[in-house]
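In: the amino acid sequence is not available; the structure is as follows:
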Ligand SMILES: NC(=O)C1=CN([C@@H]2O[C@H](COP(=O)(O)OP(=O)(O)OC[C@H]3O[C@@H](n4cnc5c(N)ncnc54)[C@H](OP(=O)(O)O)[C@@H]3O)[C@@H](O)[C@H]2O)C=CC1
Ligand SMILES: CC(C)(CO)C(=O)C(=O)O
C-alpha cells in the first residue's frame, strides 16, 4: 500500500520505518538535516521494536497521492503541515497521531473530504540525530474518532498499522484523548528540569507536583463532563478514584507510569523539542487543561504554573533544578 507520513520525527520516523519493514511503499516528509540524512542513508530505527533502515522516498511535501496518510507533527505544526499537503489528502483516510485535544478537530476542519482519524501513541520514541530514531518504550497505539464506536476508517487504519506495531481501534476516542492528556502530565517536568521522565516520576520532590497536576487535570475533565476512555490500564473509574484520593495515595499512578516506561531513559516529546531549541507543545498539554478549566470559569493553577515554567525554560534555555521547582510550586501544593 502507498502510505504517506507527514513529519518524520520521532513518532513519524518510527511509523514510517516499521510500515516500510512490513512491505508498504512509504513516502515521508522531512526538512533540513533530517531530509538530507534520510535521502543519503535512509531512516534508521533501533530500540524496542528492533533495528531497521528504511530506504523511503523523502521530500519537504508529499510527491505522490498516498492511499493512507499519517500526520505526525507536534500539535502547533499540524495545521501548516496539513495545508501544505492538502491537495493530495482529499478523499483518503488521514490519521493524526498527536497528543492534546486539538489534532483530530483541526484535521477534520481542514479536510472536509477526507476520513480523519485520531491516533494516540503510548510508546515512547526519541529523535537521536538526523535520520536516526529510537523506541525507548514499546506500547500500543489507539485509533478512533468521536464519542461512540470507532468508524470503519479507524478500524481499517488500525488493522494496517497493527501489522507494524500493536494498534487497536477504540470506542470513545474523545474520552481516550483526555486519558492520554492525563498520561501526558509526565511531559512537563522533564522539559523543566532536563531530567528523564523516569527520574522526575521517581524524584521525591517532583512526584507530588506531578501527582497534584494530574489530579487537577482529572478534576477539570470531570467538571467538563468527560467520560475518560480506557487506554493503557487507565479508565474512567480509576481516574475518578484518583481525583478524589489523597495525594499520597494518588502517587501510585505516576509510580506505575514510571514502571511501565522501563529502564531506558525517556525524555518525553516535550523535552526533545526544548533540546532542539524548538517551541514545545506544552500549550496543548498542561496548557489545554488550563484552557478547559477557563471554559467553565474554573482555574487549574498547578497546570498553569507548569506551563509557565516550560515557557520560562524555552525563553531562558536554562533548566530549573528540582529543588527550585519544588520551592516555586510549594504554595500551590499547600492548598
Ligand atoms: N516522541 C514520543 O515519544 C511521543 C510523541 N507523541 C506525540 O506525537 C506527536 C509527534 O511527536 P514527535 O514525533 O515526538 O515530534 P518530533 O518533533 O520528533 O517530530 C515532528 C516532526 O514534524 C515536522 N514538522 C514540523 N512542522 C512541520 C510542517 N509544517 N510540515 C511538515 N513537517 C513538519 C518536524 O520537522 P522539523 O524538526 O523540521 O520542524 C519533525 O520532524 C506529538 O503530538 C507528540 O506529543 C505521542 C507519544 C509519544
Ligand atoms: C507516552 C509519552 C509520555 C511517551 O514519552 C508521550 O506521549 C510523550 O512523550 O509525549
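Out: On my side now, so go ahead. Since this is a predicted model, take the numbers as computed values, not measurements. Ligands and ions are numbered 1, 2, ... in the order given.
In: residue contacts, the residue of the stretch 1-150 of the chain found nearest ligand 1?
Out: Closest residue of the stretch 1-150 of the chain to ligand 1, CB to the nearest ligand atom: residue 9 (1.9 Å). (Each C-beta comes from the backbone N, C-alpha and C, glycine too.) Residues counted as contacts of residue 9 (CB atoms under 8 Å, 6 or more residues apart in numbering) are 34, 72, 73, 127, 133.
In: can you list phi and psi of it for me?
Out: Main-chain dihedrals, residue 9, degrees, to the nearest 10: phi -90, psi -140.
In: so the residue in the stretch 151-300 of the chain positioned nearest to ligand 1, which of the three states?
Out: Closest residue of the stretch 151-300 of the chain to ligand 1, CB to the nearest ligand atom: residue 269 (3.6 Å). Three-state call for residue 269 (DSSP: H, G, I helix; E, B strand; the rest coil): helix.
In: surely it and residue 10 touch.
Out: Yes: assessed by CB atoms under 8 Å, residue 269 is found in contact with residue 10 at 6.6 Å.
In: still on that earlier bit, which one of the contacts of residue 9 sits in the busiest neighbourhood?
Out: residue 72 (29 neighbours; other CB atoms under 10 Å).
In: can you report how many residues lie near the residue nearest to that residue when sequence neighbours are not counted?
Out: Take residue 72 and drop its neighbours on the chain: the residue closest to it by CB to CB, 6 or more residues apart in numbering is residue 12, 3.2 Å away. By the measure other CB under 10 Å, the count of residues near residue 12 is 25.
In: quick revisit: the residue of the stretch 151-300 of the chain closest to ligand 1 and residue 125, how far apart?
Out: For residue 269, the distance to residue 125 equals 8 Å [CB to CB, to the nearest Å].
In: intersection of neighbour lists for these two?
Out: Shared contacts of residue 269 and residue 125 (CB under 8 Å, 6+ apart): 10, 11.
In: neighbour count: these two, which is higher?
Out: residue 125 (27 against 24).
In: and the pLDDT at that one?
Out: Per-residue confidence at residue 125 stands at 98 (pLDDT).
In: that one looks like it's in a strand, true?
Out: Yes: counting by three-state DSSP, residue 125 is found in a strand.
In: run through the bridge partners of it.
Out: Applying DSSP bridges to residue 125 gives these bridge partners: residue 135.
In: isn't it up against residue 15?
Out: No: using CB under 8 Å, residue 125 is not in contact with residue 15, being 9.1 Å away.
In: from ligand 2, how far off is residue 257?
Out: Distance, residue 257 to ligand 2, using CB to the nearest ligand atom, to the nearest Å: 8 Å.
In: write out the residues of the protein neighbouring ligand 1.
Out: 6-12, 29-32, 34, 72-75, 77, 80-81, 84, 97-99, 121, 124-125, 127, 269, 272-273, 281 (CB under 6 Å from any ligand atom).
In: now, of these, which are buried?
Out: When the residues of the chain next to ligand 1 are checked for burial by 16 or more other CB atoms under 10 Å, the buried set is 6-12, 29-30, 34, 72-75, 77, 81, 97-99, 121, 124-125, 127, 269, 272-273, 281.
In: run the chain-centre distance for stretch 320-335.
Out: Distance of stretch 320-335 from the chain centroid (CA atoms, centre = their mean, to the nearest Å) equals 26 Å.
In: buried ones in that stretch?
Out: Under the neighbour-count criterion of 16+ other CB under 10 Å, stretch 320-335 has 320, 322, 325, 326, 328, 329, 332 buried.
In: over to stretch 92-106?
Out: For stretch 92-106, the neighbour count (16+ other CB under 10 Å) marks 92-104, 106 as buried.
In: again, but for stretch 10-23
Out: Judged by neighbour count (16+ other CB under 10 Å), stretch 10-23 contains these buried residues: 10, 11, 12, 13, 14, 15, 16, 17, 18, 19, 20, 21.
In: which non-adjacent residue is nearest the last one?
Out: Closest residue in space to residue 21, ignoring its immediate chain neighbours: residue 52 at 4.7 Å, by CB to CB, 6+ apart.
In: and that neighbour, backbone torsions?
Out: Main-chain torsions, residue 52, degrees, to the nearest 10: phi -160, psi 140.
In: what residues are bridge-paired with it?
Out: Applying DSSP bridges to residue 52 yields these beta-bridge partners: residue 45.
In: from ligand 2, how far out is it?
Out: 20 Å.
In: also near ligand 2: which of the buried residues of stretch 92-106, exactly?
Out: Residues of these in contact with ligand 2 (CB under 6 Å from any ligand atom): residue 99.
In: so which of the buried residues of stretch 92-106 are in strands?
Out: 93, 94, 95, 96, 97 (DSSP state E).
In: which of those residues lies closest to ligand 2?
Out: Distances from ligand 2 to these, taken by CB to the nearest ligand atom, are shortest for residue 97, at 10.2 Å.
In: which residues sit in contact with the closest residue to the closest one other than its chain neighbours?
Out: Leaving out its chain neighbours, the residue that sits closest to residue 97 by CB to CB, 6+ apart is residue 119, at 4.3 Å. Neighbouring residues of residue 119 by CB under 8 Å, 6+ apart: 70, 95, 96, 97, 98, 141, 142, 143, 157, 161, 167.
In: ditto for residue 232
Out: 122, 139, 140, 179, 183, 260.
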